[in-house]
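**Student:** Need coordinates for the following:
(chains A and B)
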Protein chains: 2
Amino acid sequence: MLYASASRDINGERLWAALEAMAEVGATPSGGVRRLALSDEDRAARDLLVRWLEGAGCAVRVDDLGNIYGRRAGTAADASPVVMGSHLDTVPTGGRFDGALGVLAALEVVRALNDADAATRRPLDVVCWTNEEGVRFAPAMMASGVVCGPLAQDDVYATADADGRTFQAELRRIGYAGSPSHRFAGAAAYLELHIEQGPVLERAGVQIGVVEGVEGISWGRVEIVGRAAHAGPTPIGDRRDALVAASRIVLAVRGLAEAAPGVRATVGRVDVAPNAINVVPGSVRLTADLRAPTTESLERALAALQAVCGKVAREDEVQARATEVWRSPPTPFAAEVVDAVALAAERRGYSALRLWAGAGHDAKYVAERAPAAMIFVPSAGGLSHNEEEWTAPDDCARGATVLLDAAVALAR
Amino acid sequence: MLYASASRDINGERLWAALEAMAEVGATPSGGVRRLALSDEDRAARDLLVRWLEGAGCAVRVDDLGNIYGRRAGTAADASPVVMGSHLDTVPTGGRFDGALGVLAALEVVRALNDADAATRRPLDVVCWTNEEGVRFAPAMMASGVVCGPLAQDDVYATADADGRTFQAELRRIGYAGSPSHRFAGAAAYLELHIEQGPVLERAGVQIGVVEGVEGISWGRVEIVGRAAHAGPTPIGDRRDALVAASRIVLAVRGLAEAAPGVRATVGRVDVAPNAINVVPGSVRLTADLRAPTTESLERALAALQAVCGKVAREDEVQARATEVWRSPPTPFAAEVVDAVALAAERRGYSALRLWAGAGHDAKYVAERAPAAMIFVPSAGGLSHNEEEWTAPDDCARGATVLLDAAVALAR
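**Tutor:** Numbering: from 1, shown residues only, chains lettered A, B, ... in the order given. I've put the predicted structure just below:
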């Protein structure tokens, strides 16, 4: 076995075949994927990954959050590993690349090194984090948040989905409740390859995104209380229509993002009560998702949302209150790992752009425990969390190649 | 026995006591009433009404839709009757007056005539229509819709509630499946006293509403299709946010009602997909409830809604289409019955206002088979379909008095 050099390559066709096979697990009729965290589909995806990892000679372990680690030994057995990975869960109508690419490219790095019979000094770990999306069980990045971040295991275990089933019960049900002794315990470096989930790279015609950090996110809930009334006999001027007020807030949220470059603001969820065709809505709950690269701009956006609610409440004579329910502060990545990614792209002759991630990623929490960085590849049309999500085979292969080279460099 | 004259009066205290006793049947802890059609509570209310009708000397019959009729004989036994009534079923958290007032005031008219030992030439029928609300079994005004309107008995019998129990099975279960030969078979006049369910009378300080007809209703569905995308990395300018477009349509619907006096327009229901905090909404379905006193104004409102959808679709680069799914045309009431109501109010010295009903009522279907009109009394705060529904004892008594006088005049 030889120490790995820049001459070994990943097998783009094998990577693509793995992506295709994984996309069958929870495949939707429209070509997307539905693999909610700890569902039967998630279990099937995990089982497939474990088979592949074992087939690639990795020692597989599972921790008490269901995170799966597959280790390719290094020549220095006790050295801190270089860890690569992402997640396999999806949103309800998700795509085939979000998460899966990072896990399967890490697997492909192991397979490519096996093919080349190439050794690294440090062990290489492939990791699959549980419940990155946070859709079935909130919040997002739940398991990396316990292992590396600020989340409490007891809280996570007790979190229930919409049907009242808890994270802990579902983790046991699918057979992925492992041992606390198997948890991630630090790394020489952490690398996560991911699709950009935005249109910046594609629009710039650039092949690789060198991710310098993750933007801050504020999740809020807005509660609007008006007065339910019969849609027939209630004159327009007498109404305290919670949905009319909610609509003004939705448009104001859009407006505050348009007014502040770098800030994104989204109302993704609306629940109306009683939600009947002939009843003036009495109350509405909506969510606000605010993102910005600095704490200051995040605070400004949140204050603007709260001001909008106050204004609409006064003008429409309803109650409207915005409260922040979760915040993830901006996270800059480790310069040495970011530079390793940039250098790998440069040496392969790939065009590259430094940028910040607008979405949360497990790398954000891992960065609290190890030097971390991310690699982005283009998303066609910028689409993600969408069944039409697409990244071309060549882009996937280039991303995996940068992952390979950066991991090998960091594992020396 | 003397022919009735304007000197006999209803007994306001007895009417109020009947309303209070009926409000005990299905009473909710918050002071409202839950008496869903064909439930055990509905049966108990019917049993009470039948006892009262029989106690007042009425011949009671029940038809195959469960409609209850109590006849006070006239001196001309074969003359077509004057029919008075409403319904006893309620919405899930309903009030004590919606429906019950019209039935119990009709009973009080019979009792008052008995007290005065006063005869009418025509028979007087007190009617209680089954399932006016249409909440447990849709649509509304179900039984009057079969007996007088366009609904088919087979469809109604087969209609199931959310638990799969059919109208027919439940009608039999509560013991109110009567004979088709007992159905309403025309009338000299039909009178329905009802609370206004809106604030117009109260605000105008007027005691009696002389209802000239029931407004037309158009129910529509709007489908908006944008593009689901990740709320993080998708720049604002790239979004095709279906909820932003939907919010513009909600506000435009409000605006079109504000711009057209007499028209009411409501978006009561909104369903967002995928409805997740961190996904830009890909599609939204919403409902539109349009009401107007003429077909022309209803058509104009519908055209305006469709124009709004077209404009928003172009500007926001989404698909947005409004389609009408149900229409109930405006129903003008019979001039001679409306005039009898107006004259009765005038002779008693009650202030009165002519207006149109914005909500559906059984009178709408009955008007297809007999000259009909309605009497409104004020609703405190305009509230209805609400546990806090309230009409003062004096207002109830005035409404019953107008019902008495108009019925006596029409029964000559």
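**Student:** what's the nearest residue to residue A:134 if we skip its chain neighbours?
**Tutor:** Of all residues not flanking residue A:134 in the chain, residue A:140 sits nearest, at 3.0 Å (C-beta to C-beta, 6 or more residues apart in numbering or on different chains). Backbone N, C-alpha and C define where each C-beta goes, glycine included.
**Student:** can you count the residues close to that neighbour?
**Tutor:** Neighbours of residue A:140 under the rule other C-beta atoms under 10 Å in any protein chain shown: 26.
**Student:** Help me confirm that it comes into contact with residue A:149.
**Tutor:** No. Assessed by C-beta atoms under 8 Å, residue A:140 is found out of contact with residue A:149, at 11.0 Å.
**Student:** Any buried residues in stretch A:105-121, and which?
**Tutor:** Applying a neighbour-count criterion of 16 or more other C-beta atoms under 10 Å in any protein chain shown, one finds A:105, A:106, A:107, A:108, A:109, A:110, A:111, A:112, A:113, A:118, A:120 buried in stretch A:105-121.
**Student:** pLDDT averaged over it - what is it?
**Tutor:** Over the span of stretch A:105-121, the pLDDT mean works out to 97.
**Student:** Relative to chain B, which residue of the stretch 201-350 of chain A is the closest?
**Tutor:** Of all residues in the stretch 201-350 of chain A, residue A:233 sits closest to chain B, at 3.1 Å by C-beta to the nearest C-beta.
**Student:** what's the burial count for the closest residue in space to that residue that isn't next to it in sequence?
**Tutor:** Closest residue to residue A:233 apart from its sequence neighbours, by C-beta to C-beta, 6+ apart: residue B:198 at 3.1 Å. Residue B:198 has 28 neighbouring residues, counting by other C-beta under 10 Å.
**Student:** what does residue A:172 give?
**Tutor:** Using other C-beta under 10 Å, the number of residues around residue A:172 comes to 13.
**Student:** ok now the helix or strand hosting it, how far from the chain's centre?
**Tutor:** Residue A:172 is part of helix A:167-173 when elements are defined by DSSP states H and E. The chain centroid and the centroid of helix A:167-173 are separated by 21 Å, computed with C-alpha atoms, centre = their mean, to the nearest Å.
**Student:** Output that helix as CSV, nothing but the C-alphas.
**Tutor:** Extracted C-alpha coordinates of helix A:167-173, given in CSV (Å, rounded to 0.1, in the frame of the first residue of the first chain):
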residue,chain,number,x,y,z
PHE,A,167,-37.2,10.7,18.3
GLN,A,168,-36.0,8.1,20.8
ALA,A,169,-38.8,5.7,20.0
GLU,A,170,-38.4,6.0,16.3
LEU,A,171,-34.6,5.7,16.5
ARG,A,172,-35.0,2.4,18.4
ARG,A,173,-37.8,1.3,16.1
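**Student:** Make sure I have this right: residue A:400 is in a helix.
**Tutor:** Yes. Per DSSP: H, G, I helix; E, B strand; the rest coil, residue A:400 lies within a helix segment.
**Student:** What distance do you get for it to chain B?
**Tutor:** Note on residue A:400: its distance to chain B, by C-beta to the nearest C-beta, to the nearest Å, is 20 Å.
**Student:** From residue B:298, how far out is the closest residue to that residue other than its chain neighbours?
**Tutor:** Spatially, and ignoring its direct neighbours in sequence, residue A:400 is nearest to residue A:105 (3.9 Å; C-beta to C-beta, 6+ apart). Here the criterion is C-beta to C-beta, to the nearest Å. By it, residue A:105 lies 59 Å from residue B:298.
**Student:** mind checking the backbone torsions on the residue nearest the centre of chain A?
**Tutor:** Geometric centre of chain A, nearest residue: residue A:361, 4.1 Å, by C-alpha atoms, centre = their mean. Main-chain torsions, residue A:361, degrees, to the nearest 10: phi -140, psi 160.
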